[in-house]
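*Asks:* Here's a sequence, model it:
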Amino acid sequence: MLKDRSKLTTEQRNPRSRDIDRRTTLQIVDLINAEDRKVPAAVARERKAVARAVDLVVERLGRGGRLFYVGAGTSGRLGVLDASECPPTFGTPPSMVQGIIAGGRRALVRAIEGAEDSPEAGAAAIDRKRLKPRDAVVGIAACGMTPFVRGAIERARQVGAATVFVTCAPEVRGSVDVDVVINPDVGPEAVTGSTRMKAGTATKLVLNTLTTTAMIRLGKVYGNLMVDLKATNAKLKDRAERIVAELTGLGRARARALLAKAHGELKPAVVMHFRKVGFAEAERILRDAGASLRRAIEEDA
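*Replies:* Numbering: from 1, shown residues only. Predicted coordinates for the structure are as follows:
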């Protein structure tokens, strides 16, 4: 493994921003924006690796496994963020996708930088989750060298879980033993070493793509509609009503009434309408269809 951190892309000085402190406010904003525009292209170059990671995750989740993100600092927070958005968006149980951050919950709102320096702590964090071979672990480390993350990944390999590594440092991609490496090379940051910038943006794009694609493959989206959402607030209740109305052709009032009969659950409500059945039978049809709404309403029971 690379020992000299100064050789990492994420630690290099960006020649385009060497005089950033002497520029006007608008010039600084333009420079940062110009650097940010490089991020989507860097992520696109890793599309095949992302697809391989998705297939690994789908296979594990399809067997009843779980997905764990492991990171420190910004990387850890992004993992926790992506995991926390899966239950309301896709109706997943909180245990299905989980985020582990070095330093624990306090590190979400306050920097606890020393927490990332122990590989043993990373392994222990994985051990507390009682990891199984049917699980998947995604290590996130912009610089690729975070000991906490590497310790967690190594323990996951020992258990036999699927492993993915997300890093923005091309220098380390060959030094980590995982199933898939996702390495969007966004170049040096506008402020040297501040990986909350381009590297953080690239990581957010990768994680969004990974879980969203996995959930689509698992049948949690119909067309481009989030039919497994949990209507836990006014916005999501409104969205659920609109989705039911759109899919069934019912008016809003009747869609609302149908959702009430389905105990607020969107998929059963739609099945109840198309298959002319009650809630319990709609749930059975969905189970037999592997939770796929498309199969449930487009195929004979």
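
*Asks:* show me where the stretch 101-250 of the chain has strands.
*Replies:* Using DSSP state E, counting those that start in this stretch, the strands of the stretch 101-250 of the chain run over 136-140, 162-166, 180-182.

*Asks:* Of those, flag the one that's most buried.
*Replies:* Stretch with highest mean neighbour count among the strands of the stretch 101-250 of the chain: strand 136-140 (a mean of 29; mean count of other CB atoms under 10 Å). Using the backbone N, CA and C atoms, a C-beta is placed for each residue, glycine as well.

*Asks:* Name the strands paired with that strand and say parallel or antiparallel.
*Replies:* In the sheet, strand 136-140 lines up against strand 67-71 (parallel), strand 162-166 (parallel) (DSSP bridges).

*Asks:* how far is it from where the chain is centred?
*Replies:* Offset of strand 136-140 from its chain centre (CA atoms, centre = their mean, to the nearest Å): 10 Å.

*Asks:* can you list contacts of that strand?
*Replies:* Here strand 136-140 makes contact (CB atoms under 8 Å, 6 or more residues apart in numbering) with 53, 56-57, 60-61, 65-71, 75-76, 78-79, 126, 131, 149-150, 152-153, 156, 161-167, 176, 178, 203, 207, 210.

*Asks:* In helices only, show me these.
*Replies:* If you go by DSSP state H, the contacts of strand 136-140 have 53, 56-57, 60-61, 75-76, 78-79, 126, 149-150, 152-153, 156, 203, 207, 210 in helices.

*Asks:* Residue ranges in the chain under the pLDDT threshold?
*Replies:* 1-3, 113, 299-301 (pLDDT under 70).

*Asks:* mind listing the helices for it?
*Replies:* Counting by DSSP H, the helices of the chain are 25-36, 39-44, 47-62, 73-90, 119-128, 147-159, 198-217, 234-248, 252-261, 266-275, 279-288, 293-298.

*Asks:* Redo the ones you listed as a markdown table? Include distance to A190 and mean neighbour count.
*Replies:* What follows is the helices of the chain, written out as a markdown table (distance: least, CB to CB, whole Å; neighbours: other CB atoms under 10 Å):
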| stretch | distance to A190 | mean neighbour count |
| --- | --- | --- |
| helix 25-36 | 5 | 13 |
| helix 39-44 | 12 | 16 |
| helix 47-62 | 25 | 18 |
| helix 73-90 | 15 | 21 |
| helix 119-128 | 30 | 17 |
| helix 147-159 | 24 | 23 |
| helix 198-217 | 8 | 22 |
| helix 234-248 | 35 | 17 |
| helix 252-261 | 47 | 16 |
| helix 266-275 | 43 | 23 |
| helix 279-288 | 49 | 16 |
| helix 293-298 | 44 | 18 |
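
*Asks:* Select, out of those helices, the one closest to L108.
*Replies:* Closest approach to L108 among those (CB to CB): helix 73-90, 6.0 Å.

*Asks:* Just want the angle from the closest one to helix 198-217.
*Replies:* 30 degrees (axes from the mean of the first three to the mean of the last three CA atoms, to 10 degrees).

*Asks:* Which strands and helices lie in contact with helix 73-90?
*Replies:* Helix 73-90 is packed against strand 67-71, strand 97-101, strand 136-140, helix 198-217, with contacts defined by 3 or more CB pairs under 8 Å, 6 or more residues apart in numbering; DSSP states H and E.

*Asks:* Mind putting these into JSON lines with distance to A282?
*Replies:* As requested, those are arranged in JSON lines below (distance: least, CB to CB, whole Å):
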{"stretch": "strand 67-71", "distance to A282": "28"}
{"stretch": "strand 97-101", "distance to A282": "26"}
{"stretch": "strand 136-140", "distance to A282": "31"}
{"stretch": "helix 198-217", "distance to A282": "21"}
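
*Asks:* now the helices of the chain as a markdown table including distance to G223?
*Replies:* As requested, these are exported to a markdown table (distance: least, CB to CB, whole Å):
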| stretch | distance to G223 |
| --- | --- |
| helix 25-36 | 31 |
| helix 39-44 | 24 |
| helix 47-62 | 19 |
| helix 73-90 | 15 |
| helix 119-128 | 37 |
| helix 147-159 | 35 |
| helix 198-217 | 10 |
| helix 234-248 | 8 |
| helix 252-261 | 17 |
| helix 266-275 | 12 |
| helix 279-288 | 17 |
| helix 293-298 | 9 |
